[in-house]
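A.B. asks: kindly return the folded structure for what I paste below:
(one chain, ligands or ions: 2)
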Amino acid sequence: EHILEVRDLYYTYSDGTQALKGLTLGIKQGKTTAVLGGNGAGKSTLFLSLNGIYKPTAGEVLFKGLPLDYSRRGLKDLRKSVGIVFQDPDSQLFSASVYQDISFGAVNLKLTKEEVRRRVNMAMEQTDITHLKDKPTHCLSFGQKKRVAIAGVLAMEPEVLVLDEPTAGLDPMGISEIMKLLRKLQAQLGLSVVIATHDIDIIPLYCDYTYVMDQGKIVLEGNPKEVFSQP
Ligand code: ADP
Ligand code: ADP
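C.D. replies: Ligands and ions are numbered 1, 2, ... in the order given. The predicted structure is shown next:
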């Protein structure tokens with residue numbers, strides 16, 4: 001029932017910074033899991049380890065019970081299954097039209113034109129941005145750009161959607177809209193959703209399970225209500 005598992009993971013950057021120091025967690029299939037932690041806790045490093053962008057210094061990551069395959073081929077397959085939405089949508093968008101931006105990843109999968117079109121149209125519907133189809137992405141609001149970035153990952157038809165700080169930079173209305181959207185996607189598509197956040201308030205409202213991270217380790221975990229009612 002854990003689609004992703006992280007076992008005793010260590011990650012050390014080339015300058016010697018130990019970002020992950022023996023981290024263990026499980027991401028449950030079809031649920032929304034939050035990883036809460038302050039700046040520098042290691043959330044981004046963990047996320048980049050989940051789809052093989054970072055290869056662990058020690059320990060392992062398993063997808064559907066199998067250790068990640070770090071060969072070119074293995075990584076390509078993995079990136080279709082585990083999609084990452086970065087914190088800053090501009091890092092993921094190329095400022096073409098919304099349609100072109102969303103299709104970028106799917107085009108790289110060497111699908112037929114019709115299949116790409118089907119997936120992009122579906123992803124736009126799922127994220128409620130079909131009306132923005134022909135707009136250049138650089139003229140969209142921050143919240144709309146976030147949706148375009150999410151749609152681009154959905155067009156890859158992933159099984160796990162990993163989002164780094166999806167609510168950062170949004171006003172309260174934008175936060176509730178994006179979290180409700182993720183909840184809807186999780187329910188409708190059976191997606192497993194993982195979010196990193198330092199916003200404690202959204203977790204009991206929108207997440208099924210939470211891990212609390214500090215200095216490269218998990219220091220607390222459980223159902224949000226249990227975790228946040230501890231003295
Ligand atoms: P229910 O809502 O009926 O408890 P769940 O499938 O949500 O069923 O949870 C079953 C158990 O698994 C619960 O104890 C829950 O705390 C735990 N759990 C839920 N999500 C996760 C997760 N992402 N990682 C680890 N354990 C989880
Ligand atoms: P978070 O996402 O929780 O803010 P990060 O994973 O970004 O945490 O960072 C964890 C630790 O790794 C921090 O001490 C940070 O300064 C360090 N770090 C992050 N990226 C790099 C990098 N490219 N090179 C060296 N150290 C880094």
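
A.B. asks: how about the least confident helix or strand in the chain by mean pLDDT: buried residues?
C.D. replies: Across the helices and strands of the chain, the lowest-confidence element by mean pLDDT, DSSP states H and E is helix 224-228, at a mean of 87. For helix 224-228, the neighbour count (16 or more other Cβ atoms under 10 Å) marks Pro224, Val227, Phe228 as buried. Every residue, glycine included, has its C-beta placed from N, CA and C.

A.B. asks: need the contact list for the last one.
C.D. replies: The contact partners of Phe228, taken as Cβ atoms under 8 Å, 6 or more residues apart in numbering, are Ile200, Ile203, Pro204.

A.B. asks: now the helix or strand that the second one is a member of, how far from the chain's geometric center?
C.D. replies: When elements are assigned from DSSP states H and E, Ile203 belongs to helix 202-206. Centroid separation for helix 202-206 versus its chain: 16 Å, with Cα atoms, centre = their mean, to the nearest Å.

A.B. asks: show me what from the protein comes close to ligand 1.
C.D. replies: Taking Cβ under 6 Å from any ligand atom as the measure of proximity, the chain contacts ligand 1 at Gly26, Ile27, Lys28, Lys31, Thr33, Asp208, Tyr209, Asn223.

A.B. asks: show me which of those residues are buried.
C.D. replies: Gly26, Ile27, Lys31, Thr33, Asp208, Tyr209.

A.B. asks: any chance of those in a markdown table, plus distance to ligand 2, secondary structure and pLDDT?
C.D. replies: Output for these, formatted as a markdown table (distance: Cβ to the nearest ligand atom, whole Å; DSSP: H, G, I helix; E, B strand; the rest coil; pLDDT from 0 to 100):
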| residue | distance to ligand 2 | secondary structure | pLDDT |
| --- | --- | --- | --- |
| Gly26 | 19 | strand | 98 |
| Ile27 | 17 | strand | 98 |
| Lys31 | 21 | coil | 96 |
| Thr33 | 15 | strand | 98 |
| Asp208 | 21 | coil | 96 |
| Tyr209 | 18 | strand | 97 |
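
A.B. asks: ok, which pair from those is furthest apart?
C.D. replies: Gly26 and Asp208 (12.4 Å; Cβ to Cβ).

A.B. asks: low-confidence ranges in this protein?
C.D. replies: Low-confidence segments of the chain (pLDDT under 70): 230-231.

A.B. asks: where is the longest helix in it?
C.D. replies: Determined from DSSP state H, the single longest helix within the chain is helix 172-189.

A.B. asks: tell me the helices and strands packed up against it.
C.D. replies: strand 32-36, helix 113-126, helix 142-154, strand 160-164, strand 192-197, helix 202-206 (3 or more Cβ pairs under 8 Å, 6 or more residues apart in numbering; DSSP states H and E).

A.B. asks: quick check: buried residues in it?
C.D. replies: Neighbour-count burial for helix 172-189 [16+ other Cβ under 10 Å]: Gly174, Ile175, Glu177, Ile178, Met179, Leu181, Leu182, Arg183, Leu185, Gln186, Leu189.
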